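*Asks:* I would like the atomic coordinates for the input below:
(one chain, ligands or ions: 1)
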Amino acid sequence: MLAKINNFEIDLSKPIDISISLTNTEENPIAWYIEKPVIEPVVFGDWIGKVSEGKSSTNFNNIFFNPHGHGTHTECLGHITNDFYSVNQALKQFFFFAKLITVEPEKIGEDLVITKDHISTSLNVTNASTLLTEKTEAIIIRTLPNQKDKKSRKYSNTNPPYLSEDAATFIRESEIQHLLIDLPSVDKEHDEGKLLAHKAFWNVKDTHQLNADARFEATITEMIFVSDEIPDGNYVLNLQIASFENDASPSKPILYSIVNY
Ligand SMILES: N[C@@H](CC(=O)c1ccccc1NC=O)C(=O)O
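*Replies:* Predicted coordinates for the structure are as follows:
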């Protein structure tokens, strides 16, 4: 099915899923020192909500998981604020003009850092290589190396790469509302709660007293996976969350290639 959007088309029958699936096996990725997700049938006495156990007509599982630690999730500024803000209230539109870029984080001391130069250079290159004139609403950052084990990596205490404060400020100043990345956080794992990139992107100056120009509708999606076959460039992004009233929700970002431009 082709959909016409402004001056180009996308093929809805060719979705590119950049989410990581969530399972209760050792395959599941984990960040932030928690255990793997639990998915198990409800039990009432000798009744088990599992058809193969012979007592139940339906499979009826409880699921225990953490959106930040167990896979692809989208968060709003409520992730870092004293007051409660829900991603389900922040994200009210679901299709965006997006640019996929690939960056190799730079070694700075003990850290691997995505710098402002990485972002500005990659954005300009992809600008020059396409005719799409629409304003970029979302940026998708694929980091190198791009091993498949990102889909099941155990990130706790590994000091993963992160985004510099300058890079996050540059993205905000580019008026990009949605940031997607294949890492567990845009910030350094152990940073004493500084959260410089989160704050810069959302324009949060004081987490206890929000400034009026904080970016209430901007979102960060972490722990995506973009496989190597998907070229850098322009896409239409469909960013969907489950309707949790929480700072973050598991999410399913989908890309569509742009045809006929
Ligand atoms: N770097 C923070 C912790 C942190 O960022 C964090 C902790 C638990 C769950 C998610 C986190 N950040 C996600 O982007 C700190 O060291 O305090």
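*Asks:* any idea which element residue 124 lies in?
*Replies:* Element membership of residue 124, judged by DSSP states H and E, is helix 116-128.
*Asks:* tell me the contacts of the residue in the stretch 151-261 of the chain that the ligand sits nearest to?
*Replies:* Going by C-beta to the nearest ligand atom, the ligand is nearest to residue 185 of the stretch 151-261 of the chain, at 3.4 Å. (Glycine included, C-beta is placed from N, CA and C.) Listed by C-beta atoms under 8 Å, 6 or more residues apart in numbering, the contact set of residue 185 reads 31, 160, 162, 222.
*Asks:* Quickly check these for the two that are furthest apart.
*Replies:* 31 and 162 (12.2 Å; C-beta to C-beta).
*Asks:* Can you name the next helix or strand after the helix holding residue 124?
*Replies:* Next helix or strand after helix 116-128 toward the C-terminus (DSSP H and E): strand 138-143.
*Asks:* hey, C-alpha coordinates of that next one in PDB?
*Replies:* Provided in PDB are the C-alpha atoms of strand 138-143 (Å, rounded to 0.1, in the frame of the first residue of the first chain):
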ATOM      1  CA  ALA A 138      13.500  13.200  14.400                       C
ATOM      2  CA  ILE A 139      17.100  12.000  14.400                       C
ATOM      3  CA  ILE A 140      18.000   8.400  14.600                       C
ATOM      4  CA  ILE A 141      21.500   7.700  15.700                       C
ATOM      5  CA  ARG A 142      23.200   4.300  14.800                       C
ATOM      6  CA  THR A 143      26.500   3.900  16.600                       C
END
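*Asks:* any residues touching the helix or strand following that strand, and which ones?
*Replies:* Next helix or strand after strand 138-143 toward the C-terminus (DSSP H and E): strand 162-163. Identification of contacts with strand 162-163 by C-beta under 8 Å, 6+ apart yields 111-114, 141, 181, 183, 185-189, 197.
*Asks:* Show me how to select, in ChimeraX, the buried members of those.
*Replies:* Selection command for ChimeraX covering only the buried members of the contacts of strand 162-163, criterion 16 or more other C-beta atoms under 10 Å:
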select :112,113,114,141,181,183,185,186,187,188,189,197
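*Asks:* Now tabulate the contacts of residue 185 in a markdown table and tack on distance to residue 145, neighbour count and pLDDT.
*Replies:* What follows is those, written out as a markdown table (distance: C-beta to C-beta, whole Å; neighbours: other C-beta atoms under 10 Å; pLDDT from 0 to 100):
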| residue | distance to residue 145 | neighbour count | pLDDT |
| --- | --- | --- | --- |
| 31 | 18 | 23 | 98 |
| 160 | 12 | 20 | 98 |
| 162 | 16 | 25 | 98 |
| 222 | 18 | 23 | 98 |
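*Asks:* Spit out the contact partners of the residue nearest to the spatial centre of the chain.
*Replies:* What sits nearest the mean C-alpha location of the chain, by C-alpha atoms, centre = their mean, is residue 221, with 1.9 Å. By C-beta under 8 Å, 6+ apart, residue 221 lies in contact with 72, 73, 74, 75, 178, 179, 180, 181, 239, 251, 253.
*Asks:* In terms of pLDDT, where does it sit?
*Replies:* Among the per-residue scores, residue 221 holds a pLDDT of 99.
*Asks:* now the strands for the stretch 1-150 of the chain?
*Replies:* Taking DSSP state E, counting those that start in this stretch as the test, the strands found in the stretch 1-150 of the chain are 2-5, 8-11, 16-17, 38-41, 43-44, 47-48, 61-64, 73-75, 95-103, 106-108, 111-114, 138-143.
*Asks:* what angle sits between the longest one and strand 138-143?
*Replies:* What that stands for is strand 95-103. 30 degrees (axes from the mean of the first three to the mean of the last three C-alpha atoms, to 10 degrees).
*Asks:* Report the rounded mean pLDDT for strand 95-103.
*Replies:* Per-region confidence: strand 95-103 scores 97 on mean pLDDT.
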